[in-house]
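J.: predicted model follows, preceded by the sequence.
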Amino acid sequence: SFVRGASSFGGPSLSKHFQRHLALKSASKTTGYTTLEPYNSSEVYPHTSRDMQKVMRTAEEAALKAGEIMRATSGNIAVSKTKMNAADLVTESDLECQRIIKEMIQTAFPNDDFLGEEDVDAGSVASSEALTNAIVNDSDDESLLWIVDPIDGTTNFQAGLCMFCVSIGVVSIHDGIPIVVGGVIYNPILN
């Protein structure tokens, strides 16, 4: 059985695509690399020819930089706006963290695509459409799609509670099939 999940990004799970990916993966021969093993740069990662050490280093550095802002402003920042309801908050820190993360990613990988939560309208339909458009419009098999929630748990962040993090996902898209190749989740308060 497959575990279904929804991201805080609001969109539906990609389990249908994931099932197809698993079927394709089991039918092909891979290097045996899993996300539970340390990445060895001498191996070829089966879903991207990119330097995954550089990709993950960039994601980690962006998360750490956003974490500095989050630590400095948690519990001390006003709400800029709300999206769908009073609990769906956006603070200036959300916007600044996303700007910094995007800038760092685009500096390191100018041809990659970026989908940030703060650039998407409110609601699961808007999130789903934004993700679908990013997947469909990715015509370069060498580019990656970076999916970012700059402050996952903004309500806790704004209230000064320590249960929030930055979430950065990295997706490779081949023949319209999204495959998660990396990601970073960082809680700057718990470090």
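T.: Everything's here; your move. Quantities reported herein were computed from a predicted structural model and do not represent experimental measurements.
J.: grab the nearest non-local neighbour of Asn187.
T.: Nearest residue to Asn187, sequence neighbours excluded (C-beta to C-beta, 6 or more residues apart in numbering): Cys165, at 4.3 Å. Yep, even glycine has a C-beta here, placed from its N, CA and C like the rest.
J.: next, the contact list for that neighbour, please.
T.: 151-153, 185-188 (C-beta atoms under 8 Å, 6 or more residues apart in numbering).
J.: kindly report the same for Gly67.
T.: Counted by C-beta under 8 Å, 6+ apart, Gly67 has contacts 166, 186, 188.
J.: all helices of this structure, in order?
T.: Counting by DSSP state H, the chain has helices at residues 15-27, 52-73, 92-108, 124-136, 154-159.
J.: hey, least reliable of those by pLDDT?
T.: Here the lowest mean pLDDT among those goes to helix 15-27, at a mean of 46.
J.: hmm, back to that, and the least confident of the contacts of Cys165?
T.: For the contacts of Cys165, the pLDDT minimum is Gly153, 84.
J.: is it in contact with Gly160, as I believe?
T.: No: between Gly153 and Gly160 there is no contact under C-beta atoms under 8 Å: 11.8 Å.
J.: these two: which has the busier surroundings?
T.: Each of Gly153 and Gly160 has its neighbours counted (other C-beta atoms under 10 Å); Gly153 has more, 18 against 12.
J.: separation between the more buried one and Gly176?
T.: Applying C-beta to C-beta, to the nearest Å, the value for Gly153 to Gly176 is 32 Å.
J.: just to revisit the earlier point, need the helices of the chain in a markdown table with distance to Val181, can you?
T.: Formatted as a markdown table, the helices of the chain follow (distance: least, C-beta to C-beta, whole Å):
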| stretch | distance to Val181 |
| --- | --- |
| helix 15-27 | 11 |
| helix 52-73 | 7 |
| helix 92-108 | 14 |
| helix 124-136 | 14 |
| helix 154-159 | 27 |
